[in-house]
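Participant: Curious how this folds, go ahead:
(one chain, ligands or ions: 1)
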Amino acid sequence: MKNRIFTLLLAAACTLSLRADEGMWPLVLLQKIQDPMQAKGLKLTAEQIYSINNSSLKDGVVRLMSKQGRMFCTGEIISSKSLFLTNHHCGYGAVQELSTPADNILTNGFWAKSMTEERPANFNIGLLRKIEDVTAKVLEGININDEEGPRTKALGDKQKLVLAGLKEALGDAKNNYVVEISSFYNGNQYLAMYYEVYRDIRLVGVPPESVGKFGGETDNWRWPRHTCDFSMFRIYANEANSPADYNVANKPYAPKHHFPISLKGIEKGDFSMIMGYPGRTTRYTYSEGIKYLGGKERPMRVQVRRDIMDIYEEYMKADKNIRLMYSDKLASIGNYWNKFNGEAHDLSKPGLYEKRKAVELEFEKWVKANGKSDVYGEVTSLYDEAYLKLNQYGLYSVYLQDGISNSQPMTFAMNLIGMPEMLNDKKTAAIAKGTANSMAGGLDEMFKEFYAPIEKRVLASVLRHLYEDLDHAYLPAYLNELVAKNKRDYTKIADMLWKKSIFTDKARMSEFLKKPSASKLAKDPIYMITNGYVQKMSVDLKPIYDDINAKMGRAHRLFQAGMLEMNADKALPPDANGTMRLTYGTILDYNPFDGAHYNYFTTAKGIVDKYKPRDFEFDAPTELIDMLRNKQYGQYADPKDGELHVCFLSDNDITGGNSGSPVLNGNGELIGTAFDGNWEAISSDFMFMPDVQRTISVDVRFTLFIVDKLGKAQNIIDELTLVK
Ligand code: ARG
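Facilitator: Next up, the predicted model:
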């Protein structure tokens, strides 16, 4: 199976046309797309981009990971002392954490004028060291068509076993490595990725929020754009250049590659490539799925999120300390509120559904004509059954994520689920008490970004959505009673919960955690609602969800395998899965709608035009506006037109996770940092749209202008390799 897919893909990759190319290409396939890339203007070889034995461009690409190991963004190393660039919105959480009302670097910006001023940032980065094809090991003794339940179990066990073996083989180095086995083509191929993880990361520079997030949620996912969406960090290592915990004595990590920066400018038609970590695409989504997402799931999520955002914004606009406190929460709910809103619209209008349906009909015809029904015959019915149930029950899990998890008191309660039972059991009571006591120590942290007036209204809003939007049969009985008794007055209910629950007040929660009581917790009204909801999901709804997942997983795998077999002569790039990919294309403008044309770059003039003093989203430092009005651009002006170019477009294929990725010219020099996609292709995770799909990047000359002229950080500029 593995070999067949590989061979198919390789053949396919060679027949690419010169049109905008779909594809977030895995590095192991680069050799096969070298010709089309060079035809478009690449001056390097595939080996210079990704080499198994020598240093190559891929060594300059960093994977941003939370302390818990979750990948969230990309960055690029730009100096021999491992200074790296990423997006402002990627460094946002770390910068917010380093900010206080008295030293608000999120609002004011921050520039370390020497390494001693750099501040420890709360995330890790991974460097990709090795890729290993483990398909044969993982799928040994497991067949594509085995009965789903036992197959899933066997596969899970096997993956664990293989992973443990790979880690063990690393010897002492294993503590510095994260190894992930990633599924490609929905379970048809498995590659192990080895990341060496550096844990001492420090903030070097970040522009004021009004620059790094200029345009806010209004401009987010839109062109024309004027956001300088970047921040800069540095990787630190021990004496041996290896990962180490934070220590003042650590030294800048010496990277295997850093990107030179081009000040030469770009032009329409120039080659551009982006390397980075796209998180997830689902371009093989079944037509019924398009219908469900566009008609139901996305619209509901948009409402749940929007209501919470409105509450946040009301208080944030009135008080800058509240703004600081809730900025990261607003940004993370808002970013996908915005995207889901676009998807809800796109997926429910004619077009996408019909296109998917056409592909499926063709697939079914091919299955029959080629006598493949014994392998692929059940795909359609599996999907139909799964989506029928998802339509009925899918929102419960969505509301757990977008509703309950966005209420802090409910999230606190969720952390204690199961504790009453543990306290009541002699064997586990001591453990439960220990957990509670240690939680008490973390309360300051938990309540650090908690503003009661906001949280009380968010709670009311979440409860309203649960009761008004979902079938009451699967809601906790207590919630149903409460709502009926209070005649759907959710404000009144939230008021009552606020007074009675321990989860709404730090002192009450502290008192409880120090002396936890099973009966008190079991009777806590917020605990009753949250626990009740989770119980419904994990007991009543569990068989339903298990069934949906099994059918869906099987259908995806078979459909994907069948599509590969059916398209043996075409390129079918695998969906994004959080592993390093490369996308190549050209700098390009587009026509967003009939009668309109969008240029491929924006200039500083647009910032001055959009500037609105004291606005929540379009404010900017007056110092910057003055400089832009006086056109003091120095070496960052475009050599052709003398303007300061701020953002640009290319037809590269990226998605969330690529944020912060290096945008490179044909020589492998940095020309920009990717930070967004455009509105007309907001549904690109479901379908590649060559005519309108564009990546939005900050022009690196704008980034350096801000570092140099606004940040006055000559020390940073001096570190770089500039190509003029
Ligand atoms: N849309 C961008 C992305 O997902 C993130 C932009 C962040 N800016 C914002 N205003 N929320 O890659």
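Participant: the helices in the stretch 451-600 of the chain, which residues?
Facilitator: 452-469, 477-485, 490-500, 506-514, 518-523, 525-535, 542-566 (DSSP state H, counting those that start in this stretch).
Participant: before we move on, what about the stretch 251-400 of the chain?
Facilitator: According to DSSP H, counting those that start in this stretch, the helices that the stretch 251-400 of the chain contains are 287-292, 298-318, 320-348, 352-369, 373-376, 379-402.
Participant: count of neighbours near Ile548?
Facilitator: Ile548 is flanked by 21 other residues according to other CB atoms under 10 Å. No exception for glycine: its C-beta is placed from N, CA and C like everyone else's.
Participant: quick one: contacts for it?
Facilitator: Neighbour list for Ile548: Ala386, Lys389, Leu390, Tyr393, Gly394 [criterion: CB atoms under 8 Å, 6 or more residues apart in numbering].
Participant: before we move on, back to that, now tabulate the helices of the stretch 451-600 of the chain in JSON lines and tack on distance to the ligand.
Facilitator: Output for the helices of the stretch 451-600 of the chain, formatted as JSON lines (distance: least, CB to the nearest ligand atom, whole Å):
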{"stretch": "helix 452-469", "distance to the ligand": "19"}
{"stretch": "helix 477-485", "distance to the ligand": "32"}
{"stretch": "helix 490-500", "distance to the ligand": "28"}
{"stretch": "helix 506-514", "distance to the ligand": "29"}
{"stretch": "helix 518-523", "distance to the ligand": "37"}
{"stretch": "helix 525-535", "distance to the ligand": "28"}
{"stretch": "helix 542-566", "distance to the ligand": "24"}
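Participant: want to try a markdown table for those helices, with mean pLDDT as columns?
Facilitator: Formatted as a markdown table, those follow (pLDDT from 0 to 100):
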| stretch | mean pLDDT |
| --- | --- |
| helix 452-469 | 98 |
| helix 477-485 | 98 |
| helix 490-500 | 98 |
| helix 506-514 | 97 |
| helix 518-523 | 97 |
| helix 525-535 | 98 |
| helix 542-566 | 95 |
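Participant: returning to what we had before: among the helices of the stretch 251-400 of the chain, which comes closest to Gly265?
Facilitator: Closest to Gly265 of the helices of the stretch 251-400 of the chain is helix 320-348 (CB to CB; 30.0 Å).
Participant: orientation of that closest one relative to helix 298-318 in degrees?
Facilitator: 160 degrees (axes from the mean of the first three to the mean of the last three CA atoms, to 10 degrees).
Participant: what inclination does helix 320-348 have with respect to helix 379-402?
Facilitator: Orientation note: helix 320-348 sits at an angle of 160 degrees relative to helix 379-402 (the same axes, to 10 degrees).
Participant: Quick one: name the residues of the stretch 601-724 of the chain near the ligand.
Facilitator: For the stretch 601-724 of the chain, the residues in contact with the ligand (CB under 6 Å from any ligand atom) are Gly656, Ser659, Phe675, Asp676.
Participant: Now do the first one against Pro260, distance only.
Facilitator: Going back to what we said before, that points to Gly656. Using CB to CB, to the nearest Å, Gly656 is found at 28 Å from Pro260.
Participant: okay, the two: which has more neighbours?
Facilitator: A count of neighbours by other CB under 10 Å puts Gly656 above the other of Gly656 and Pro260, at 19 against 15.
Participant: distance of the more buried one from Pro278?
Facilitator: For Gly656, the distance to Pro278 - CB to CB - is 7 Å.
Participant: Same check on Ile49?
Facilitator: For Ile49 relative to Pro278 (CB to CB), the value is 16 Å.
Participant: These two: who's more crowded?
Facilitator: The neighbour comparison of Ile49 against Pro278 (other CB under 10 Å) goes to Pro278, with 25 against 22.
Participant: Now do the contacts for the more buried one.
Facilitator: Met24, Ala576, Gly578, Arg581, Ile654, Thr655, Gly656, Gly657, Asn658.
Participant: Of those, which is the most crowded?
Facilitator: That'd be Ile654 among the contacts of Pro278, by other CB under 10 Å, with 30 neighbours.
Participant: And that residue, what's its pLDDT?
Facilitator: In this model, Ile654 is scored at 97, pLDDT.
Participant: One more: Arg19?
Facilitator: For Arg19, the model assigns a pLDDT of 50.
Participant: again, but for the one 3 residues further on
Facilitator: Glu22 carries a pLDDT score of 78 in this model.
Participant: Enumerate every residue touching it.
Facilitator: Ala571, Pro573, Asp653, Phe688, Pro690.
Participant: Single out the most deeply packed of the helices of the stretch 251-400 of the chain.
Facilitator: helix 287-292 (a mean of 21; mean count of other CB atoms under 10 Å).
Participant: Going by neighbour count, list what's buried in stretch 626-639.
Facilitator: Met627, Leu628, Tyr633, Tyr636, Ala637, Asp638 (16 or more other CB atoms under 10 Å).
Participant: following whatever helix or strand the first one lives in, which helix or strand comes up?
Facilitator: Same thing as Met627. Secondary structure from DSSP states H and E places Met627 in helix 622-629. Using DSSP H and E, the helix or strand that directly follows helix 622-629 along the chain is strand 645-650.
Participant: ok and that next one relative to helix 622-629, angle-wise?
Facilitator: 80 degrees.
Participant: contacts for strand 645-650?
Facilitator: 223-228, 265-266, 272, 274, 585-590, 598, 600-604, 606-607, 638, 663, 672, 678, 694-699, 701-702.
Participant: do the same with stretch 44-62
Facilitator: By CB under 8 Å, 6+ apart, the residues outside stretch 44-62 that reach it are 27, 30-31, 33-34, 37, 74-77, 84, 86, 125-128, 130, 235, 255-259, 275-276, 580, 582, 661-662, 664, 666-668.
Participant: tell me which parts of the stretch 201-350 of the chain are close to the ligand?
Facilitator: Lys213, Gly216, Glu217, Asn220, Trp221, Ala331, Gly334, Asn335.
Participant: Which one (most neighbours) among the contacts of Glu22?
Facilitator: Busiest of these [other CB under 10 Å] is Asp653, holding 30 neighbours.
Participant: contacting residues around it?
Facilitator: Contacts of Asp653 (CB under 8 Å, 6+ apart): Asp21, Glu22, Gly23, Met24, Thr583, Gly585, Ser684, Phe688, Gln693, Thr695.
Participant: Which residue comes closest to the fourth one once chain neighbours are left out?
Facilitator: The shortest distance from Met24 to any non-neighbouring residue, by CB to CB, 6 or more residues apart in numbering, is to Arg581 (3.8 Å).
Participant: and the residue of the stretch 51-200 of the chain found nearest the ligand, what element?
Facilitator: Going by CB to the nearest ligand atom, the ligand is nearest to His89 of the stretch 51-200 of the chain, at 3.7 Å. Element membership of His89, judged by DSSP H and E, is helix 88-97.
Participant: For that helix, the averaged confidence score.
Facilitator: Mean pLDDT, computed over helix 88-97, is 97.
Participant: again, but for stretch 28-44
Facilitator: Stretch 28-44 comes out at a mean pLDDT of 94.
Participant: what's the spacing between the residue found closest to Lys506 once you drop the neighbours it is linked to in the chain and Ser517?
Facilitator: Counting by CB to CB, 6+ apart, the nearest residue to Lys506 once its immediate chain neighbours are dropped is Phe447, at 4.6 Å. In this view, Phe447 and Ser517 are 21 Å apart by CB to CB.
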